[in-house]
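>>> okay, here's the prediction I keep looking at, along with the sequence it came from:
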Amino acid sequence: MTFDGTFDDKGLSRRALLRGGAALAGGAAFTGLTGAPAMAADAAKPDRLTMLYATSEADSDAIKAALPAFKQAFGFDIALDTMPYNALQQKAFAELASESPYYDIMIVDTPWMPALTNKILPITDMILDPRANEGLDITDFIPKVFYDTAVYRRDNSALHFKDDAAIDPAKIKAEGFDIYGLPVQSNVLTMAYRKDLFEDAALKAAYRTKFGSDLAPPATWDEFAQVAEFMTDSAKRRWGTTLMAGTGDWATDDFKTLLAGFGGDGHLVSDTFEPVFDSPEGVKALTYYAKLIAKKVVPPGTTSASWDTAATSFGSGLTAMSMNYHSETLNPTVKGEIAYAMVPKGVARGPHFGTWMLSVNSYSKNKDWAFRAIKWFTSRETQTKALASQLHPTRLSVYAAAAADPGIVAKFGNFYDVLGQSLQVGVGRPRLTNYADIDRTVWVAVNDAARGAATPEAALKGAAAEVATLLQQAGYKRS
């Protein structure tokens, strides 16, 4: 399946990330980032490069803060255009469909790439060229993130590269795949919890009396349900947890996390184009989800909740736990403390994740310099400096640096530690040009079950039949 020059205006919506603390302005956090590496060809230095980027969804503040240091290193500017998600998707597809050379660098979200493997420049050969790859340190990227985000087969973009061990560009090329960019911003589902509540002496005593064990952040889904029920006290306007069961991508992401955790395939659709969510594991996962809502351990209105709703509910002190894709903050009127833990485990662990990558436009007239630029923006040094602006790094070494930085720990607690661990076990999306339609079908089923409008079995069975038809209509044939 390849991009046909059309744009699907049914693209996924994305909320602006709710982020605590002000991002650093200007380039002050990036002083000292110098030394542009060697390049593969003796191309003339451009007057500037142009970059198309997201807004807060991919932390544009971090990129803006790095621009002065980029100019110091390279001697020319980046002209940065930022757009919110839907406008960005439309702009990127339109530019590529018209073969426009205007943007040298483009940020790409993972759901878009299956349609773009004939439009985005493969950079595998540049990475393999010692003259071009100086300072890249490709093996420092988180393998799961790198393979899910950047590695595709041009003639069959639906396939996942199966090896999530150490990153090996030569092996990638030998197996017929290519690298289409460098990961820059990773998002994965993590669990925030009210540390003050979990350490409250009265609550700890009551929990031990009731269950005979210590109150602690839940490590398993069984414990999660138990703790959520225990923490719920509607008379005090406190519920156990948030869920994101409203009609939107968030509901699909909740479900696929549970699906993977209960032992199913969190990709939803296999590489052989079989819907795999209508399974015993899928039914068990959705039944669990619907029961949490039916037991009212979540705030009223959860069947309409989104990412933003979940963050607002937790920040307002309405819940003891919450799951989302960014660090959380409490309102000034809420006296408490936040800590983080990985999403609970069932028979397996597979929090939903997705990553933005920086790619080179195939039609750019400055491809070599654009490659140098994306190396710089995704480098260990640049990402480490960008922690202060709340970038979600894609390199193992940057997470190690975050854990060792007292200032980062003081500001964000253990968020980066949990984020880095979670990315190493995350499960991404199926690689389909019509994923938006698949996604919509699944979230409707999840919402139907959450509202009690259909049983989990019936909801998933109907969704699987619809997805099979959508796959066939898009030209995907089961193999």
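All right, it came through fine.
>>> who's in contact with stretch 194-214?
Residues from elsewhere that reach stretch 194-214 (CB atoms under 8 Å, 6 or more residues apart in numbering): 215-217, 226, 230-231, 319-321, 335-339. Every C-beta, even on glycine, is put in place using the N, C-alpha and C of the backbone.
>>> strands along the stretch 251-400 of the chain, start to end?
319-324, 338-341, 353-360 (DSSP state E, counting those that start in this stretch).
>>> please apply the same query to the stretch 1-150 of the chain.
Under DSSP E, counting those that start in this stretch, the stretch 1-150 of the chain gives strands at 48-54, 77-83, 105-109.
>>> which one, of those, ends up nearest to residue 409?
strand 48-54 (27.2 Å; CB to CB).
>>> pull out the buried residues from the closest one.
By neighbour count on 16 or more other CB atoms under 10 Å, the buried set for strand 48-54 is 49, 50, 51, 52, 53, 54.
>>> then it to PDB, C-alphas only?
C-alpha atoms of strand 48-54 as PDB (Å, rounded to 0.1, in the frame of the first residue of the first chain):
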ATOM      1  CA  ARG A  48      18.400  28.300   5.900                       C
ATOM      2  CA  LEU A  49      16.400  25.100   6.300                       C
ATOM      3  CA  THR A  50      12.600  24.900   6.700                       C
ATOM      4  CA  MET A  51      11.000  22.600   9.200                       C
ATOM      5  CA  LEU A  52       7.300  21.700   9.500                       C
ATOM      6  CA  TYR A  53       6.500  20.700  13.100                       C
ATOM      7  CA  ALA A  54       3.700  20.100  15.500                       C
END
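>>> chain center to it, what's the gap?
Relative to its chain's centre, strand 48-54 lies at 21 Å (CA atoms, centre = their mean, to the nearest Å).
>>> that one pairs with which strands, and in what direction?
Here strand 48-54 has these sheet partners by DSSP bridges: strand 77-83 (parallel), strand 105-109 (parallel).
>>> test my guess that residue 256 contacts residue 268.
Yes. Checked against CB atoms under 8 Å, the pair residue 256 and residue 268 is within contact range at 5.8 Å.
>>> shared neighbours, the two?
By CB under 8 Å, 6+ apart, residue 256 and residue 268 have these common neighbours: 277, 442.
>>> distance check, residue 111 against residue 431.
9 Å (CB to CB, to the nearest Å).
>>> same question but for residue 331, I mixed them up
40 Å.
>>> neighbour-wise, which of those two wins?
residue 431 (24 against 12; other CB atoms under 10 Å).
>>> now residue 155. Nearest residue, chain neighbours left out?
residue 176 (7.7 Å; CB to CB, 6 or more residues apart in numbering).
>>> make that residue 79, sorry
residue 50 (4.6 Å).
>>> what's the farthest-apart pair in the contacts of stretch 194-214?
226 and 335, at 25.8 Å, using CB to CB across the contacts of stretch 194-214.
>>> between the two, tell me which one has more neighbours.
residue 226 (18 against 9).
>>> show me the contacts for that one.
211, 218.
>>> so it belongs to a helix, correct?
Yes. Secondary structure of residue 226, determined by DSSP: H, G, I helix; E, B strand; the rest coil: located in a helix.
>>> ok, now how distant is residue 387 from residue 408?
Counting by CB to CB, the gap from residue 387 to residue 408 is 5 Å.
>>> shared neighbours of these two, which are they?
With CB under 8 Å, 6+ apart as the test, residue 387 and residue 408 both reach 402, 416.
>>> who has more neighbours out of these two?
A side-by-side neighbour count of residue 387 and residue 408, using other CB under 10 Å, places residue 387 first with 22 against 18.
>>> where does the stretch 1-150 of the chain have low pLDDT?
Within the stretch 1-150 of the chain, the stretches with pLDDT under 70 are 1-42.
>>> now do the helices in it.
60-74, 85-97, 124-128, 143-150 (DSSP state H, counting those that start in this stretch).
>>> just name the most buried of these.
helix 143-150 (a mean of 24; mean count of other CB atoms under 10 Å).
>>> can I assume residue 295 is in contact with residue 234?
No. Under the criterion of CB under 8 Å, residue 295 makes no contact with residue 234, lying 11.5 Å away.
>>> residues of stretch 191-209 that come out buried?
Buried-residue list, stretch 191-209, by 16+ other CB under 10 Å: 191, 192, 193, 194, 195, 196, 197, 198, 203, 207.
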